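>>> sharing a sequence plus its predicted fold:
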Amino acid sequence: MRSIGHFIGGKQVKGTSGRTADVFEPMTGEVQAKVALASRAEVRGAVENALAAQPEWGVTNPQRRVRVLMKFLELVARDNEALAEMLAREHGKTIPDARGDILRGVEVVEFALGIPQMMKGEYTEGAGPGIDVYSMRQPLGVVAGITPFNFPAMIPMWKFAPAIACGNAFILKPSERDPGVPMRLAELMLEAGLPPGILNVVNGDKEAVDAILDDRDIKAVGFVGSSSIAQYIYERAAATGKRAQCFGGAKNHAIIMPDADMDQTVDALVGAGYGAAGERCMAVSVAVPVGKTTADRLMEKLVPRVESLKIGPSTDPTADFGPLVTRAALERVKDYVEVGIREGATLAVDGRGFKMQGYENGFYLGGCLFDHVKKDMRIYKEEIFGPVLSVVRAKDFDEALRLPSDHDYGNGVAIFTRDGDAARDFAARVNVGMVGINVPIPVPVAYYTFGGWKRSGFGDLNQYGPDSVRFYTKTKTVTARWPSGVKEGAEFAMPIMN
Ligand code: NAD
């Protein structure tokens, strides 16, 4: 059986803690690898490698740094199909979806190629008599990223590409459920010319995470995962004075106005609700039709579409979605379906009986659809993270606007309408971080930034885009006087620029 260790100091190393976790192949349900779970000492070993390598990397000129990323892009393109297949086999998503996972990461690497331009400082000549002021952006040193299972290519790239382009060394702690692709990405970075020690991967669980959080030599941590862990990471990282940005779970609403193009809306809802088996932080999990007629028209078209979704093994390119990531995830989602029934929601489509012929032990669940879901139900309040869509009927626009605005989560939201006034008003007033107008998954392009509000994001600044440069650098400001020999005598009052 394949065993996955760590990537430290530019090479694969075996785990020494004696602890491992199973990596499943969700489509068959079989264990395909064992991944090492790092001890505190192994994490510290990675930090020491990073500390030794970072000073030279930090003063390497920015253009040379991004040339490594340029070469890395070529290597990812070369190995794209193998990466997509490995990703699909470890995560469970389909191969076309795995290609998207890689590509949305690649886009942030492409963004990072322009980081030399964004690291330029400011300069003011003559801010006072003979005084010039300038600022410079400097790397933080060693920084870390802790990432979730659901985008094992995209989110590691969102984290390490900007951080490394800014001159930092990076410790990546990917999800222990699908660590194969992040390990491969680190090897490709080395092949692209990255000095050993600048990108290290430590596999592990809570022990490795806590070691990262408590290590005073790590100056910033970027986390993506569920909200309760995000909050924990944020608070514990702050105790050692780290910068922290911690992105959490979601409950993304799609508002359907009476004038929406219903065919387009239903296409959007099935794709965004059930793609990747609903295991996306930007998946639509709540549909809010406005008015009874809209709701009835929506359900008439939506029910047959959900009933006819094609579920298949990850290697079937014609499948709409594949299995869930683990048996535990499957059982958890099924439990939520039970909860919804007990709470009195109408289960309009029940996917629990789905069996995949030839893959009977895989972690499959058919699409489920609830109607008449109410605000106080757990299936509305909590993140399910599976192929389950809840329909909450709103009587008017104001009620529809309040639902996502008042919800604890605030990652993404979408509105479907032909009415520009309603869409504009909605986008301005909704209390959510990312908004789509007739776009169900509004993940911003790489040169904007990604980040949710409320329990979907703890800390400061968003991921990728200009915010990533702010997050991974610190600003130094220099006030200089030339000629230096001007004699003014001792000055005891607060200096001012006369
Ligand atoms: P998770 O919170 O279980 O795990 C995320 C990371 O935290 C992993 O690396 C894991 O090893 C680590 N971890 C888990 N338990 C821990 C603990 N007790 N102490 C310390 N570290 C711990 O999340 P997941 O199941 O891998 O991913 C799915 C979640 O991620 C969903 O809630 C989803 O909405 C969210 N997500 C959010 C975004 C976003 O940008 N907001 C993007 C993708 C996924």
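Thanks, I have the structure now.
>>> tell me the mean pLDDT over the helix or strand containing Ala244?
Under the criterion of DSSP states H and E, Ala244 resides in strand 243-247. Taken as a whole, strand 243-247 has a mean pLDDT of 98.
>>> partners of it in the sheet?
Strand 243-247 sits in its sheet next to strand 218-224 (parallel), strand 457-459 (antiparallel), going by DSSP bridges.
>>> now Gly271: which helix or strand?
Here Gly271, judged by DSSP H and E, is contained in helix 262-274.
>>> how about that helix: buried residues?
By 16 or more other Cβ atoms under 10 Å, the buried positions in helix 262-274 come out as 262, 265-266, 268-270, 272-274. C-beta coordinates here come from the backbone N, C-alpha and C atoms, glycine included.
>>> which stretches of the chain have low pLDDT?
485-487, 498 (pLDDT under 70).
>>> domains in it, as residue ranges please.
According to automatic domain parsing, the chain comprises the domains 2-248+456-478, 252-437.
>>> centre of the chain to the strand holding Ala244, how far?
Distance, stretch centre to chain centre, for strand 243-247: 12 Å (Cα atoms, centre = their mean, to the nearest Å).
>>> cool, stretch 377-393 as well?
The answer for stretch 377-393 is 20 Å, by Cα atoms, centre = their mean.
>>> and what of stretch 156-168?
Distance of stretch 156-168 from its chain centroid, counting by Cα atoms, centre = their mean, is 14 Å.
>>> that stretch and the ligand in contact?
No. Interface with the ligand: stretch 156-168 contributes nothing (Cβ under 6 Å from any ligand atom), its closest point being 8.6 Å away.
>>> begin at 724 from here
Renumbered: residue one is now 724, and that last one reads stretch 879-891.
>>> pull the number of nearby residues for Ser951.
When neighbours are counted by other Cβ atoms under 10 Å, Ser951 registers 11.
>>> tell me how far it lies from Ala967.
15 Å (Cβ to Cβ, to the nearest Å).
>>> now the residue in the stretch 824-973 of the chain that the ligand sits nearest to. Nearest residue, chain neighbours left out?
Proximity of the stretch 824-973 of the chain to the ligand (Cβ to the nearest ligand atom) peaks at Gly948, 2.6 Å away. Among residues not flanking Gly948 along the chain, Pro871 sits closest, at 4.4 Å (Cβ to Cβ, 6 or more residues apart in numbering).
>>> helix or strand: which one has Val766?
Per DSSP H and E: Val766 is located in helix 763-782.
>>> now stretch 954-968: buried residues?
Within stretch 954-968, the residues that qualify as buried are 954-957, 959-960, 963, 965-968, counting by 16+ other Cβ under 10 Å.
>>> same check, this time on stretch 910-929
In terms of neighbour count (16+ other Cβ under 10 Å), stretch 910-929 has its buried residues at 910-913, 915, 917-918, 920-927.
>>> go on, stretch 1030-1048?
Neighbour-count burial for stretch 1030-1048, counted by 16+ other Cβ under 10 Å, picks out 1032, 1034-1037, 1039, 1042-1048.
>>> how far does that stretch sit from the chain's center?
So, by Cα atoms, centre = their mean, the centroid of stretch 1030-1048 is 23 Å from its chain's centroid.
>>> again, but for stretch 922-937
Mean-position distance between stretch 922-937 and its chain equals 18 Å (Cα atoms, centre = their mean).
>>> mind saving the C-alpha coords of that stretch as PDB?
Written as PDB, here are the backbone C-alpha positions of stretch 922-937 (Å, rounded to 0.1, in the frame of the first residue of the first chain):
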ATOM      1  CA  LEU A 922       7.700  25.000   0.600                       C
ATOM      2  CA  ASN A 923       7.300  22.200   3.200                       C
ATOM      3  CA  VAL A 924       4.300  19.900   3.500                       C
ATOM      4  CA  VAL A 925       3.600  18.400   6.900                       C
ATOM      5  CA  ASN A 926       0.800  15.900   6.900                       C
ATOM      6  CA  GLY A 927      -1.200  15.500  10.100                       C
ATOM      7  CA  ASP A 928      -4.200  16.200  12.300                       C
ATOM      8  CA  LYS A 929      -4.800  18.300  15.300                       C
ATOM      9  CA  GLU A 930      -1.400  17.600  16.800                       C
ATOM     10  CA  ALA A 931       0.400  19.100  13.700                       C
ATOM     11  CA  VAL A 932      -2.100  22.000  13.600                       C
ATOM     12  CA  ASP A 933      -1.500  22.800  17.300                       C
ATOM     13  CA  ALA A 934       2.300  22.600  16.800                       C
ATOM     14  CA  ILE A 935       1.900  25.200  13.900                       C
ATOM     15  CA  LEU A 936      -0.300  27.500  16.000                       C
ATOM     16  CA  ASP A 937       2.000  27.400  19.000                       C
END
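>>> enumerate every residue touching the closest residue to the ligand within the stretch 974-1123 of the chain.
The ligand sits closest to Cys1004 of the stretch 974-1123 of the chain, with a gap of 3.2 Å, by Cβ to the nearest ligand atom. By Cβ atoms under 8 Å, 6 or more residues apart in numbering, Cys1004 lies in contact with 871, 873, 947, 970, 972-973, 1134-1135, 1175, 1179.
>>> what do you get for Gly1135?
The neighbourhood of Gly1135, defined by Cβ under 8 Å, 6+ apart, consists of 973, 975, 1004-1005, 1155-1159, 1164-1166, 1175.
>>> now those as TSV including distance to Val791 and secondary structure?
Formatted as TSV, those follow (distance: Cβ to Cβ, whole Å; DSSP: H, G, I helix; E, B strand; the rest coil):
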residue	distance to Val791	secondary structure
Ala973	33	coil
Asn975	35	strand
Cys1004	29	coil
Met1005	30	coil
Val1155	36	coil
Gly1156	31	coil
Met1157	30	strand
Val1158	35	strand
Gly1159	34	strand
Ile1164	31	coil
Pro1165	31	coil
Val1166	26	coil
Gly1175	31	coil
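>>> spatially, which two of the residues you listed are the most separated?
Greatest spatial distance in those: Cys1004 and Val1158, 15.2 Å, computed using Cβ to Cβ.
>>> follow-up on the earlier one: distance-wise, check the residue nearest to Gly948 relative to Ala1216.
Noted for Pro871: a distance of 54 Å to Ala1216, by Cβ to Cβ.
>>> more neighbours: the two, which one.
A count of neighbours by other Cβ under 10 Å puts Pro871 above the other of Pro871 and Ala1216, at 22 against 5.
>>> what about the more buried one, which SS state?
Three-state call for Pro871 (DSSP: H, G, I helix; E, B strand; the rest coil): coil.
>>> my guess is it contacts Ile952. True?
No. Using Cβ atoms under 8 Å, Pro871 is not in contact with Ile952, being 9.2 Å away.
>>> my read: Val1007 touches Ile1138, true?
No. At 11.6 Å, Val1007 does not count as touching Ile1138 under the criterion of Cβ under 8 Å.
>>> after the helix holding Gly994, next one along is what?
Downstream of helix 985-997, the first helix or strand assigned by DSSP H and E is strand 1007-1012.
>>> and the next helix or strand past that next one?
Using DSSP H and E, the next helix or strand after strand 1007-1012 towards the C-terminus is helix 1015-1030.
>>> now that next one, how far from the centre of its chain.
On the basis of Cα atoms, centre = their mean, helix 1015-1030 sits 31 Å off its chain's mean C-alpha point.
>>> please apply the same query to stretch 1055-1072.
Distance, centroid of stretch 1055-1072 to centroid of chain: 27 Å (Cα atoms, centre = their mean).
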